[in-house]
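[1] 3D model of this:
(2 chains)
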Amino acid sequence: MSGFGIGQAVRRREDHRFLTGAGSYVGDITRARAAHMCVIYSDQAHADIVRIGVKAALESPGVLAVLTGQDAENEGLGGLPPYFMPEDAGGPPGFRTVRPILVPDRVRCVGDRVVAVVAETADQARDAAECVEIEYSPRPCVTTPDGAAASDTPEIWPGCEGNRSFTLAFGDPERTDEAFARSAFVVQLDLRNNRLSANSIEPRCALGEFIISDGEGQYILHTSSQNPHGVRKMLANSVLAIPETCLRVISPDVGGGFGMKADPYPEDALVLWAARKLGRPVRWVASRSESLAGDNHGRDQVASAQMAFDENGRAIGLRVRAYHALGAYVASATVAPITFSMRMLPGVYDISAIDVRTSAMFTNCSPTGPYRGAGRPEACFMLERLMDEAGRVSGLGQVEIRRRNLIAEQALPYATPTGLTYDSGDFAGMMEKCLELADWDGFAARKQASEGKGLFRGRAVTCYIESAGVFNERMELRFDPSGGVSILAGTHSHGQGHATAFAQLIHDWLGIPPEQIRHVQGDTDAVTFGRGTYAARSSMLASTALRAAADEAIARCSPMAANILEVDADSVEFGEGLFRAKATNRTVSLQQVVRGFFAPMGVPGGQSLGLSTVGTAGGEAPNFPNGAHVCEIEVDPETGTVRIDRYTVVDDVGKAINPMICEGQIIGGIAQGLGQALVEEVVYDPATGQLLSGSFSDYGMLRTDTMPTIAARLEEIPCKTNPVGVKGVGESGTIAAPPTVVNAVLDALRPLGVTDLQMPLTPARIWSAINGAASRQAEPA
Amino acid sequence: MKLVGEALIRAERELVWQAINDPGILRQCIPGCEEITRETPVDWVATVVTRVGPVKARFNGRIRLEDLEAPESCRIVGEGSGGAAGFAKGSALVRLAQEAEGTRLTYDVGSEIGGKLAQIGSRLIEAFAKKYAAEFFDKFAAIVEAGTASDISAISGEAPVIPIPAGDVSVPAPATRAYALPAAGAQPRPAPTVAESTRRWFDAQSFTILVLAALLVFMTVMYTLK
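    The predicted structure follows:
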């Protein structure tokens, strides 16, 4: 429509605030008389609590309260259940847990919350916390999902046999066995998907208040969350046992969530409880080490994967047996990544028979939850590693093996054996475009140049697909008397640029100038209801709901416009922000019409005083962003260091509302995918269950000098199952990057005899693999 | 963490045994040791000031001697709980063997750390511990080799070591004491007087170093008793 409409690379309106230090995060919100909380995390992986001595802490300067799990039980406070279990969606039953806000009896991971200390200052709270004496009686522990399944492994939850909460299976085992029996060749890999920490730049934090209003108590929680209404629901119903009207949750500016902040944590409940007990606001901010120990982690899956091919290199069978770690509790929406890791396994390939199964295992580690990609990266990693292996075994190579197996454009809509329906796309086209953009054919010369420098060069191509958008959503347009509008969003932007993208939609559809469009989110008092932002859901669900709300606004303004234009109601048409009397040049803008809803007398327009409209998106069908990555790396055999030389992506994002934001999301996603591939890993000591990666000197984060320049191209093949044609974009980069990097490194090192590498590909691992392979090769000689 | 090593000290075994049981000598050999005292013949407390980079800190550690076979071997068991800082526990088997050139001291240490002590910088501890141990033995060997038993008393300025009873020793349960960070001594530590920004820097940047130092001291104290 104009320079601000749909499809324009508009600069993000919110960035000025963020870049000038004017953002308002939970930690920026001040309250008079606020007390500070320090939560003591268990330093034992698995132990009975024998005794908690709080006397010295209570006598410590400035201390206001010392709370234990016993206190929470005595006061009837509940705990945090999983967001959902498979059986809630028609799946198999599973072993449920409730995570106590403070553990009264038995800790099950390092980082379990044991005691909360509240004091006048944060330092006093920390000092007093050091005086709390907790005596544990240790139990044996287990830290890996496959280890948890072993017969001699200790039981983490009484009554949960074999530490298995549930098993999910998809496909047809019989047909798959048959396919394997008649296959020409089979590839088989044992894969481990490393445990990750989200490491949002803003750590989790919470500010709890308890006020008496109209004779009733009301809790107010400011929390760094992706989903304030979800936090309200879980805390009100499962922990505090109060009506949701008695709890207001506000998530103001949030500095990154990545799924890790999708659901409430014990600290959210603790600040509210402490605030009520003390009659004072109570705040808590996680340190970086507390974040690494206490945030829900991502991934942590081990899998044995096999793929069968016929003599033409066509994949005819896929079999996967996996274990996915739950950690100590079934927390948050961890069932989502476990499910997606199986459902997305067929990817963009036409595989006739599959038999895939995963078991969700309790371990003595921090709970897992959704983390950017949530299961799709695990699926993509297994599939693309297998495909590469097949390309090598068959001699067809990385590209040809994929060409022969990609789902053809004319086969769409395509029903996967896991019950999804891909509506649109051009999977082969994405790969071919990416290969071309990456100058795939010019590789030989670059490889030669690398060898001249003593470096090994490798390359890989990955095809990925994502399932974006889940649950329904609600968006509201609230017009003001001057004709401006506020978008009351049920979604929650914490880096996705919604204030810009949603304004582009409304500007495009209703002709309201951008400066008169406000974006309101993250407050259960301001927004009637919503489900927050995760799973690359908001582009589709918000645009669909906003379209409905905009259509309702046009419909409600239409008779009033007809009145103003002095024509019959069916003689007006709307376009470009104007109502026009048909076959005339008489127009009135929607904004002028809106002012009519604020007339001082009577019921304006026979409708209502003021105008607000609501749109709902049902979210019945997800959309399927997809595309291809190509990566070229150099390995220095002397140091084992990987340098990413070229990284090229082509993404089908459907209709791009704002290409600049799309590109930013893709690049940010790739950064996190490269992090998983190269440096990131949460490490627990297998013998003691101690967390060994509790600071940024121990947990590897990608640095700017490792991050390559990304050549990104957007392809816009409209989604057919939503009115705007959008697809999700937030998780795409994270899904495809890990297998691309690992396959490229293996491509570089195969001549040296290196055939397998597990993430993260640290220099130490690569150096050891190179030197191990060299000595193995030397031995027979 | 496992740490195995040995050192040759050019002195008679009895002399080495005495020296290793002499708080005055140990104080001189442990880098940064301010005080080392025996509460009973088998219960020891040490205060050590450690400087790593810009950070200087004072720690208290407590250990107990078990399976005493004077002058041949003993097991040193240590445990410290640092509250929010986590815990460290471990034991070292120390043996003294008479050889032609002197006494060979071998040690076999197994230790377990938990909480923040494990979470932050634990990968670096082994190298630091080795360096610390080397520093100790260099000094220890120098002092012991330079003197005789009576000289040792003179060097240390303290009464000669009480001979360790050959029979069973009643061993009290080990008391635990927090590693005070950053100040020493009495718990709870006084309210911080440093500026908030300094404190934050301290928490974020130097905690790693402090924790390392705490462990080093713990390990050192164990080594010293070998």
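[2] switch to C-alpha atoms for all contacts and neighbour counts from now on
    OK.
[3] Who are the contact partners of residue A:707?
    Residue A:707 sits next to A:644, A:671 when contact means CA atoms under 8 Å, 6 or more residues apart in numbering or on different chains.
[4] Helix, strand or coil: sort out it for me.
    Under DSSP: H, G, I helix; E, B strand; the rest coil, the three-state class of residue A:707 is coil.
[5] Which pLDDT value goes with it?
    Per-residue confidence (pLDDT) for residue A:707: 95.
[6] do you know how far it is from residue A:670?
    9 Å (CA to CA, to the nearest Å).
[7] just residue A:214 next, same as before
    Separation of residue A:214 from residue A:670 (CA to CA): 51 Å.
[8] who has more neighbours, those two?
    For residue A:214 versus residue A:670, the count of surrounding residues by other CA atoms under 10 Å in any protein chain shown is larger for residue A:670: 26 against 7.
[9] That one - nearest residue in space that isn't next to it in sequence?
    Spatial nearest neighbour of residue A:670, chain neighbours left out: residue A:733 (4.2 Å); criterion: CA to CA, 6 or more residues apart in numbering or on different chains.
[10] quick check, the one you found in a helix?
    Yes. Counting by three-state DSSP, one finds residue A:733 located in a helix.
[11] you'd agree residue A:67 is in a strand?
    Yes. With the criterion set as three-state DSSP, the secondary structure at residue A:67 is a strand.
[12] wait, it sits on residue A:119?
    No. Using CA atoms under 8 Å, residue A:67 makes no contact with residue A:119, being 11.6 Å away.
[13] Please say which of those two ends up with more neighbours.
    residue A:119 (26 against 18).
[14] Quick check: the more buried one vs residue A:35, distance?
    Shown here: residue A:119 relative to residue A:35, a distance of 6 Å by CA to CA.
[15] Check residue A:125 too.
    Using CA to CA, we find residue A:125 at a distance of 9 Å from residue A:35.
[16] Give the residues shared as contacts by those two.
    A:118, A:119.
[17] Lowest-scoring secondary structure element of chain B by mean pLDDT?
    Scoring the helices and strands of chain B by mean pLDDT, DSSP states H and E places helix B:196-201 at the bottom, with a mean of 37.
[18] Can you show me the CA trace of stretch A:335-349 as CSV?
    What follows is stretch A:335-349, C-alpha atoms only, in CSV (Å, rounded to 0.1, in the frame of the first residue of the first chain):
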residue,chain,number,x,y,z
VAL,A,335,6.0,-33.1,25.5
ALA,A,336,6.0,-30.8,22.4
PRO,A,337,9.6,-31.3,21.5
ILE,A,338,9.5,-35.0,22.2
THR,A,339,6.4,-35.3,19.9
PHE,A,340,7.8,-33.1,17.1
SER,A,341,11.1,-35.0,17.2
MET,A,342,9.2,-38.0,15.9
ARG,A,343,6.4,-36.4,13.9
MET,A,344,8.8,-34.3,11.8
LEU,A,345,11.1,-37.3,11.0
PRO,A,346,9.9,-37.8,7.4
GLY,A,347,11.0,-34.2,6.6
VAL,A,348,10.7,-33.2,3.0
TYR,A,349,11.3,-36.7,1.7
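[19] to the chain's geometric centre, what's the distance from that stretch?
    Distance of stretch A:335-349 from its chain centroid, counting by CA atoms, centre = their mean, to the nearest Å, is 14 Å.
[20] what do you get for stretch A:409-424?
    With CA atoms, centre = their mean, you get 24 Å for stretch A:409-424.
[21] residues in contact with that stretch?
    The contact list for stretch A:409-424, computed with CA under 8 Å, 6+ apart, reads A:170-171, A:343-344, A:346, A:352-354, A:425-428, A:623-624, A:717-721.
[22] what packs against the longest helix anywhere in chain B?
    The longest helix of chain B (DSSP state H) is helix B:125-146. Packed against helix B:125-146 by the contact rule (3 or more CA pairs under 8 Å, 6 or more residues apart in numbering or on different chains; DSSP states H and E) you find strand B:2-9, helix B:13-20, helix B:23-29, helix B:207-224.
[23] mind checking the end-to-end distance for stretch A:455-473?
    First residue to last in stretch A:455-473 (CA to CA) measures 51 Å.
[24] Now residue A:358. Nearest residue, chain neighbours left out?
    Closest to residue A:358 by CA to CA, 6+ apart is residue A:322, at 4.4 Å.
[25] just residue B:16 next, same as before
    residue B:144 (7.0 Å).
[26] What of residue A:405?
    residue A:349 is the one closest to residue A:405 (CA to CA, 6+ apart), at 5.2 Å.
[27] Tell me where the model's unsure across chain B.
    Under the criterion pLDDT under 70, the flagged ranges of chain B are B:1, B:49-60, B:79-86, B:121-129, B:147-226.
[28] ok, and residue A:558, which helix or strand is that part of?
    Using DSSP states H and E, residue A:558 maps to helix A:538-565.
[29] for residue A:339, same thing?
    helix A:335-343.
[30] Which secondary structure elements does that helix sit against?
    Under the contact criterion of 3+ CA pairs under 8 Å, 6+ apart, helix A:335-343 touches strand A:164-171, strand A:353-362, helix A:376-394.
[31] okay if I get the ones you listed as a markdown table plus mean neighbour count, mean pLDDT and distance to residue B:108?
    As requested, those are arranged in a markdown table below (neighbours: other CA atoms under 10 Å in any protein chain shown; pLDDT from 0 to 100; distance: least, CA to CA, whole Å):
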| stretch | mean neighbour count | mean pLDDT | distance to residue B:108 |
| --- | --- | --- | --- |
| strand A:164-171 | 20 | 97 | 39 |
| strand A:353-362 | 25 | 98 | 35 |
| helix A:376-394 | 24 | 98 | 43 |
